[in-house]
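Undergrad: Make a model of this:
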Amino acid sequence: LNVSSVMHPKLFLLLLTAYAAHSSLQPQALWQFGRMITCTQPDVNPFMYNNYGCWCGLGGTGTPRDDLDRCCEVHDLCYQASRHLPECRPIIDVPYIKVYIFSCTNGQVSCSASNNVCQASVCECDRVAANCFAQSTYNPENNNLDPKTHCIT
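TA: Predicted structure coming up:
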């Protein structure tokens with residue numbers, strides 16, 4: 001696609017710069033959740049939770065397989081609730097791109113009081129999930145399950 005044939009190059013650059021500068025829509029936001037998990041469990045790779053059970057990873061369905069999978073279900077439902085906050089509109093319907101401020105001290109995650117309502121909501125979803133993961137047992141048998149056979153309601 002030739003940008004100049006569709007849009008004036010200066011306008012395209014302006015839009016691209018504005019998007020990149022918009023602090024609340026950066027890919028790093030998803031990594032914040034990973035850093036929270038690392039805070040509560042320093043020796044754990046946060047990616048190990050991706051595609052765990054019926055709820056960990058993108059999307060979720062069915063009955064959670066265990067307590068850890070239930071953490072992911074609660075996390076997904078928390079994100080879903082945050083999407084309905086007027087302060088969170090528009091965030092392109094995906095809370096995991098919302099950048100927020102948090103700190104990690106001695107394995108404890110704290111969401112900053114300077115976060116706005118939407119940031120605070122998404123931060124709290126991630127904080128609760130990170131703590132839940134730390135208190136739950138990881139069962140390798142629940143990794144990479146086929147949702148069509150294992151995640152039926």
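
Undergrad: Determine the set of other helices and strands touching the lengthiest helix in the chain.
TA: Ordering each helix of the chain by length in residues (DSSP state H) puts helix 117-135 first. With contacts taken as 3 or more Cβ pairs under 8 Å, 6 or more residues apart in numbering; DSSP states H and E, helix 117-135 sits against helix 28-40, helix 67-82, strand 102-105, strand 108-111. To be clear about C-beta, it is placed using only N, CA and C from the backbone, and glycine gets the same treatment.

Undergrad: doesn't residue 100 make contact with residue 110?
TA: No: with contact defined as Cβ atoms under 8 Å, residue 110 does not count as touching residue 100 (11.4 Å).

Undergrad: Tell me which of the two has more neighbours.
TA: residue 100 (23 against 13; other Cβ atoms under 10 Å).

Undergrad: I figured the more buried one hits residue 125, correct?
TA: No: counting by Cβ under 8 Å, residue 100 stays clear of residue 125, with 10.0 Å between them.

Undergrad: how many neighbours does residue 55 have?
TA: Residues near residue 55, counting by other Cβ under 10 Å: 24.

Undergrad: next one: residue 146
TA: 7.

Undergrad: And for residue 32?
TA: Considering only other Cβ under 10 Å, residue 32 is surrounded by 20 other residues.

Undergrad: My read is that it contacts residue 100, right?
TA: Yes: look at residue 32 against residue 100 with Cβ under 8 Å: they come within range, at 6.7 Å.

Undergrad: what residues do these two have in common as contacts?
TA: By Cβ atoms under 8 Å, 6 or more residues apart in numbering, residue 32 and residue 100 have these common neighbours: residue 123.

Undergrad: Next one: residue 144 relative to residue 53, how far apart?
TA: 10 Å (Cβ to Cβ, to the nearest Å).

Undergrad: Start and end of stretch 135-148, how far apart?
TA: 28 Å (Cα to Cα, to the nearest Å).

Undergrad: residues of it that come out buried?
TA: Residues of stretch 135-148 classed as buried: 136, 142, 145, 147 (neighbour count, 16 or more other Cβ atoms under 10 Å).
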